[in-house]
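**Student:** Structure for this input, please:
(chains A and B)
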Amino acid sequence: MNTSFSWIKDYVPSLDCTAQEYMDAMTLSGTKCEGYKAFDANLDKIIVGKINKIEKHPDADKLIVCQVQIDENGTEVQIVTGAPNVKEGDKIPVVLDGGRVDGTHAKGAQEGGIKIKKGKLRGVESVGMMCSIEELGSDTNMYPDAAADGIYILSDNPDYKDAPVGSDAVELLGLHDVVFEYEVTSNRVDCFAMTGIAREVAATFDKELKLPDVKETGNDEDVNDYIKVSVEDSKLCPRYTARVVKDIKLAPSPEWLKRRLASVGIRPINNLVDITNFVMEEYGQPMHAYDLDTIGGKEIIVKTAKNGEKFVTLDGQEHELDDTMLMISDAEKSIGIAGIMGGENTMITDDVKTMLFEAATFDGTNIRLTGKKLGMRTDAQAKFEKGLDPENAIAAMNRACQLVEELGAGTVVGGVVDIYPVKREGVTIPFNADKINALLGTDIDEETQVKYLRKLDLDVDLANKEIHVPTFRQDLLRPCDIAEEVARFYGYDKIPMTLPKGAATSGGYSLKKIVENKALDAAVAYGFDEGMTFSFESPKVYDKLLLSENSPLRESIRISNPLGEDYSAMRRSAVGGMLTSLAINYNKRNKDVRLCEMANVYIPKALPLTERPEERMLLTMGMYGEGDFYTLKGIVDGIIGETGLNGKTVYKADCDTEFLHPGRRANVYYSDKKLAYVGELHPQVQKNYEIGERVYIAVIDISTVLELLEAEPQVRYEGIAKFPASTRDISLVMKDVILAGDVEEAIRKNGSSYLKNVELFDVYVDSKLGLGQKSLAYKLTFMASDRTLTDEEVNKSMDKIIAALEDMGVSLRK
Amino acid sequence: MQDLDRILKDAINKIEESKDMDALSDIKVKFLGKKGELTSVLKSMKDLSAEERPKVGQMVNEARNNIQEKLDKKKEEFEKAILEKKLAGETIDVTLPGKASKIGHLHPNTSTLREVCDIFIGMGYKVVEGPEIEYDYYNFEALNIPADHPAKDEQDTFYISKDILLRTQTSSVQVHEMEKGELPIRMISPGRVFRSDEVDATHSPTFHQIEGLVIDKNITFADLKGTLQEFAKRLFGEDTRVKFRPHHFQFTEPSAEMDVTCFKCKGKGCRFCKGEGWIEILGCGVVHPHVLEMSGIDPEEYTGFAFGVGLERISLFKYEIDDMRLLYENDKRFLDQF
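**Tutor:** Sure thing, here's the model as predicted:
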């Protein structure tokens, strides 16, 4: 929404402030002003001049030398110009020596404008410059009478031809004006209109509001003799008003009307179009004009379209309709898409003689949905979507007819067609100044509160302690809404700042968040940078990750309206995002990259989704460069320990994660529950992501960690060993398919309660051992808490261990 | 006796002049040893009278102690000098790089989030989370956004089905918390939210919000202002000022947006704040009574306030990051700066 200073002052004539003061005050009272532009910011010393004499330039064919009168006393300056369109006697805008214009004719506005100094053109002195409309910061759209290519000849315009020589040309052209841009919130439908903003201005600055004085219009004929209107669905069209204008005389609008429209960026066209645009801006009520002679049966029917119906709008586009879309029809055909755009078949042309004016109220949601389905977005639609006040429709209609009469654009036929079965009534809200103060934390007396509210045209009934809200304030429904009105005009900045009283509460993180933070901090301590990736990904990722057709990871939740296929699947694994991030790093030649992400994955209970899915928090880690499988395995153990799971993890080669190297992947178990997996990336996947180094991936399921933590015993101090430990080193030989984890498990199982620690210190493969054989060397530590163990006791345990190992094909290395 | 004096003087001179530990050993042998000079004096005592003997004996002992003391002192000096020389020889270049393994870095969003959480935890707020894939009811309807509200349009919201969507705001967690019926409430809820915005320098379809909610008896708009001022000062510095402007949100009334003085120019106006001196940081307001009613809380008895902060917005401003896409690219050279 834009308004100009000049237009607002039409309704708040006593307003007296600078543009900056206006913007600040309006923003603080709730009409957020996003910025403003002063049209004359770069215009200085520009007056109305008159060309008294034109001579050829002695040395240049394309230049002429003009003697230009710059005041009423006959003072002349000499100006050299290349403009082709001037003649002696013309009045033109002249920027005097040392003045400033907004830009150049060819390039338009320049930052800070351009200073004009006297100089010589091909040896002939030139003092000042005659201006085109572009040099004055506007264009021929807004000033249709200005020359498209040359100096703006003011004397060709009947409104300007009598301007005194030497007078302010910027003033004459209405350019001492400022346009403000607002961000109006969706609840303030009334503020998408000049009069609505003006009401806020008057309240903000405590000035008088003068709304247009609309007089009765129309001749002694009856509109009902011209047109019959029926509305089939009054829910979709709560009010339809129509009037008829005959003997239309299309002409340019007077300058004041053109200037008002131009000041908010609307291009003046002709009197009829300009009147509808003006009223739409002034009242926020869109209007439409039909050529009455094209309306079949002289009848308007408001009804929904037929499914599959084709319709051509006045922009020449054909649309296919459905039966939810509200149409304006005549006795034979559709003639307009209600609230969005009229039809080509009934549009106003230069030959129009009689027209039908329509000002209606339509259901905002229906208009919005129709516009969306048709891919249309018109100014009228934008207004209707907000849900307009039906009371406003008739006001706008009568205002438009008044302008038709004032401008002599035609003869208004007497009477109004007004289909308005259910009159909209304003709501009544209880008013209690004390309660408002209690909610705001203020101490504003009732009289002051009432003053603010009445300034907004709210009808405060103090006897009954209630407020009758006019229909244009659809946003005011409850006492809290009234409290906001009071707060706005008291000033949000004046409301005190306090802290909540009442009982103290104990704050803190949830256990889940604490565990997440611990895991993340541990990963960071191990050199991992924390990254973040999107929660949705492309389903193409599944092929890149070599997922088989029936992989559950393909069973992802799909967004019905994604930004594109690449963002359509809610991820069940963050590995795709991780690999993309690693690939970005590899591509940028970053070395030794370690990344992790703490994020949810989404696991549907059934597809399509009928209830909320399970969201599991995973810590996903990926790295390339320094380190290998065992590095990451050690880190995973470290992080799991850091979360509070102090027992031992078990790694099993039963991992079937398809994007990992089949010989280098493991599931991680804790108390027989799988809580993580770790592995080297499958070389094909590595290639698919164009990463030129081996990649290692680990995923820890934080949700499982939390479940396990519930059963995790409290850490207890066990005392420090008082008696020395006995250690035994054993070197074992076995087939290389036997897993170290199984060997260790056998040792632990058979080592008695005295076996406190098993440490693998060497892995050895050599041809001397025989083909397909390997050697593992362990250091075993035995200890008792109450005495020093004897050799016999330790030997007994060792014998049992060795016997068990031999049973599984593992022998002592001789 | 003159002998004794001479011996003592001689010994002290020699100790003074000695150059190293070896010299000290020699002196010790020469004067205090079994065949040393003091020993010979003692031996010569047999020639003295019984009265004189103890006297001389005492004097010899004093001389011995004296010499020993001087020797010890000198020895200490030599030891100290030797140590100093050794240490000097062990000097290293302390400006060579350290050898510790590199640690990683938290994402700037996480660093910011933890700061925010710490501030509110200190004021007695719980940190709670809610589902990212949410029912329409919790995301919209229970927040006073009726079925035909434009904010529900598909252009803003990602839908899974008619009733299930990707939450567009962490405000949905308010509703879950209020439904528990445990009052008073002081909570913040950080988390991912989703809006159907194309990726560019200032937009991302995935981003983070921190929702705050306080429900108690006699909570006022002034309490909201005071709380958020406290938050702003703690997060951006004690000299930060706040400004509240009226705004509109469906689930609060009265509603406001809060600006803070630009952290760079402190309100004077600079390129960073586009000359305004202020930066818009959050939306907030007094909880709408209808929202309380829908969650089974009596608005006549309880009032409250709520606020919502964009985490990325704060991160971008705080660290002067000029492109939001950097936050989701995970380039190590970017992440290592935080």
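**Student:** I would like the residues contacting the strand or helix carrying A:I275, please.
**Tutor:** Following DSSP states H and E, the helix or strand that holds A:I275 is helix A:271-283. Judged by C-beta atoms under 8 Å, 6 or more residues apart in numbering or on different chains, the contacts made with helix A:271-283 from elsewhere in the structure are A:7, A:193-195, A:212, A:248-253, A:257-258, A:260-261, A:264, A:266, A:268, A:285-289, A:348, A:352, A:355, A:379-380, A:383, A:392, A:395-396, A:399-400, A:403-404, A:407, A:409-410. For the C-beta atoms, the positions are set from N, CA and C on the backbone; glycine is no exception.
**Student:** can you give me phi and psi for residue 246?
**Tutor:** Let's take chain A. Here is the backbone geometry of A:K246 (degrees, to the nearest 10): phi -120, psi 170.
**Student:** With adjacent residues omitted, what lies nearest to it?
**Tutor:** Nearest residue to A:K246 in three dimensions, chain neighbours excluded: A:T354, at 4.4 Å (C-beta to C-beta, 6 or more residues apart in numbering or on different chains).
**Student:** correct me, but the one you found touches A:T294?
**Tutor:** No: in this structure, A:T354 sits apart from A:T294 without contact. The criterion is C-beta atoms under 8 Å, and the distance is 10.1 Å.
**Student:** mind checking pLDDT for residue 217?
**Tutor:** This is for chain A. Predicted confidence (pLDDT) for A:T217: 95.
**Student:** looking at chain B here, not the other one
**Tutor:** Among the per-residue scores, B:K217 holds a pLDDT of 95.
**Student:** The residue of the stretch 151-300 of chain A found nearest chain B - how many residues pack around it?
**Tutor:** Per C-beta to the nearest C-beta, A:T185 is where the stretch 151-300 of chain A lies closest to chain B, at 3.5 Å. For A:T185, the count of nearby residues is 17 (other C-beta atoms under 10 Å in any protein chain shown).
**Student:** give me the element the nearest residue to it once chain neighbours are set aside is part of.
**Tutor:** Using C-beta to C-beta, 6+ apart and skipping the chain neighbours, the partner closest in space to A:T185 is B:H248 (3.5 Å). Using DSSP H and E, B:H248 sits within strand B:242-249.
**Student:** And A:E484, by the same measure?
**Tutor:** Using DSSP H and E, the secondary-structure element containing A:E484 is helix A:479-490.
**Student:** Show me what the following helix or strand past that helix is packed against.
**Tutor:** Towards the C-terminus, the helix or strand next in line after helix A:479-490, according to DSSP H and E, is helix A:511-525. Packing partners of helix A:511-525 (3 or more C-beta pairs under 8 Å, 6 or more residues apart in numbering or on different chains; DSSP states H and E): strand A:529-530, strand A:594-603, strand A:614-624, helix A:629-642, helix A:702-711.
**Student:** wait, which of the ones you listed is closest to chain B?
**Tutor:** Using C-beta to the nearest C-beta as the criterion, the shortest distance between chain B and those is 4.0 Å, found for strand A:529-530.
**Student:** and A:I429, helix, strand or coil?
**Tutor:** Using DSSP: H, G, I helix; E, B strand; the rest coil, the secondary structure recorded for A:I429 is strand.
**Student:** Spatially nearest residue to it (excluding sequence neighbours)?
**Tutor:** Taking C-beta to C-beta, 6+ apart as the measure, A:I429 lies nearest to A:I467, with 4.9 Å between them; neighbours along the chain are not counted.
**Student:** any idea how the chain splits into domains?
**Tutor:** No chain was given, so I picked chain A. For chain A, whose domains are defined here by automatic domain parsing, the residue ranges read A:2-39+A:178-205, A:44-172, A:223-419, A:428-494, A:511-711, A:726-812.
**Student:** please go with chain B instead
**Tutor:** Chain B is divided into the following domains under automatic domain parsing: B:2-89, B:108-335.
**Student:** about what we covered before: give the other helices and strands that the helix holding A:E484 contacts.
**Tutor:** For helix A:479-490, the contact count by 3+ C-beta pairs under 8 Å, 6+ apart identifies strand A:428-430, helix A:433-440, helix A:446-455, strand B:242-249, strand B:252-261 as packing neighbours.
**Student:** Check the average confidence over the second one, would you?
**Tutor:** The predicted model gives helix A:433-440 an average pLDDT of 97.
**Student:** Then the first one?
**Tutor:** The average pLDDT within strand A:428-430 is 97.
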